[in-house]
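> Quick one, fold the following:
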Amino acid sequence: MSKWTAITPENKERHFIVSELLKDEEERIIGCKLEAVINKNQYDIDWQRLKNNEEWLMGWK
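Model (predicted):
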């Protein structure tokens, strides 16, 4: 349930919550499901994209 802010919002979706971790058969994290706070839309992304400071900031800014 970590919180993230998109640097370049699309569709006015700026703030997100990680709502689910996606794992492979060996229980390794391969992605996550982000939920937009404004409208509850959900997106599957590669969790490592969240490390890109040009795309995401941790917390709500």
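> just the helices in the protein please.
Under the criterion DSSP state H, the chain carries no helices.
> if I pick the residue nearest the centre of the chain, what's in contact with it?
Nearest residue to the geometric centre of the chain (CA atoms, centre = their mean): L34, 3.8 Å. The contact partners of L34, by CB atoms under 8 Å, 6 or more residues apart in numbering, come to 4, 16-19, 42-43, 45. Glycine gets a C-beta too; all of them are placed from N, C-alpha and C.
> Run through the bridge partners of it.
Beta bridges link L34 to V18, Y43, judged by DSSP bridges.
> Just give the number of residues close to the nearest residue to L22 once chain neighbours are set aside.
Ranked by CB to CB, 6 or more residues apart in numbering and with sequence neighbours excluded, the top spatial neighbour of L22 is G31, at 3.9 Å. Residues near G31, counting by other CB atoms under 10 Å, number 16.
> One more: P9?
Residues within reach of P9, counting by other CB under 10 Å, total 13.
> mind checking how far it is from W56?
Applying CB to CB, to the nearest Å, the value for P9 to W56 is 11 Å.
> pLDDT averaged over stretch 50-61, what's the number?
Mean pLDDT, computed over stretch 50-61, is 95.
> nope, stretch 16-27 is what I meant
pLDDT averaged over stretch 16-27 gives 96.
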